[in-house]
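Asks: Turn this into a model:
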Amino acid sequence: MDIADYYRQLGLRSGASLSQVKTSYRQLARQYHPDVNPGNEQAKNKFIAITEAYKFLVKIAPPDVAESKVANSTVQPTPTPPDRGVKTQPQAVKVTRKETAVQSNADLSAAEQKLKQDAYVELQQLLKYQRFPRAIALIEGLAQRVPEDLEVRQWQAIAYQRWGRHLIGEKQVDKARIYLKKAVKTDPHNRALWAEVERDFRRLEEIY
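Replies: Below you'll find the predicted structure:
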């Protein structure tokens, strides 16, 4: 399920604000709550779906103007960890903070920097535990929020590559090719990523 699907679950357009997400969820939760619909399996499934959508969107939905002003006055600039650059590891390209992070963050509001930092931490955990579809949904949502951020684009490409590599192991060849191609298309100037994707394609040819 992608970011647009989560919004549709709550009856919203992509990019709806955080307050709209909360308002829509409260209304739908009251309507479909199992206590209000005892024995209604369809209502129960709908309640589960909207709750999942809400838990995801509440993390990435853009704040309202008023919330942004508050955030701008309280949130500090995103620190850049000492590990810089994209490094190639035996199993995959690692998601790291690039040297362009400072420049990228300079173009973001404080609220967007905080959103980006939180997403980075969550993305690391999702990739670590191989929750690739969720990781991709997270980073695609962030990319919609800050479409010009080069660092986010890098993370998005790496998420695609990691998912593609995993799909090779699952013998989902066609789907693996799709995500590997999306990886290099998303970040075409990342040499380390290109090297890993070429290695993945060679593995596809050798195995299949």
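Asks: drop to CA atoms for contacts and neighbour counts, all remaining ones
Replies: OK.
Asks: Following element in sequence after the strand or helix carrying residue 6, please.
Replies: Assigned by DSSP states H and E, residue 6 belongs to helix 3-9. Per DSSP H and E, the first helix or strand lying C-terminal to helix 3-9 is helix 18-32.
Asks: Report the buried residues of that next one.
Replies: 18, 20, 21, 24, 25, 28, 29, 32 (16 or more other C-alpha atoms under 10 Å).
Asks: Break the protein down into its structural domains.
Replies: Structural domains assigned to the chain are 3-60, 110-207, following the TED database.
Asks: Neighbours of the nearest residue to residue 145 once chain neighbours are set aside, how many?
Replies: In this structure, residue 145 finds its nearest non-sequential neighbour in residue 62, 7.2 Å apart by C-alpha to C-alpha, 6 or more residues apart in numbering. Using other C-alpha atoms under 10 Å, residue 62 has 22 neighbouring residues.
Asks: pretty sure residue 62 is touching residue 18, no?
Replies: Yes - Residue 62 is in contact with residue 18 according to C-alpha atoms under 8 Å; the separation is 5.7 Å.
Asks: Quick check: pLDDT value at residue 195.
Replies: pLDDT for residue 195: 88.
Asks: Also the one 4 residues further on?
Replies: In the prediction, the pLDDT value recorded for residue 199 is 90.
Asks: just the helices in the protein please.
Replies: 3-9, 18-32, 41-60, 65-74, 101-106, 110-128, 132-145, 150-169, 173-186, 191-207 (DSSP state H).
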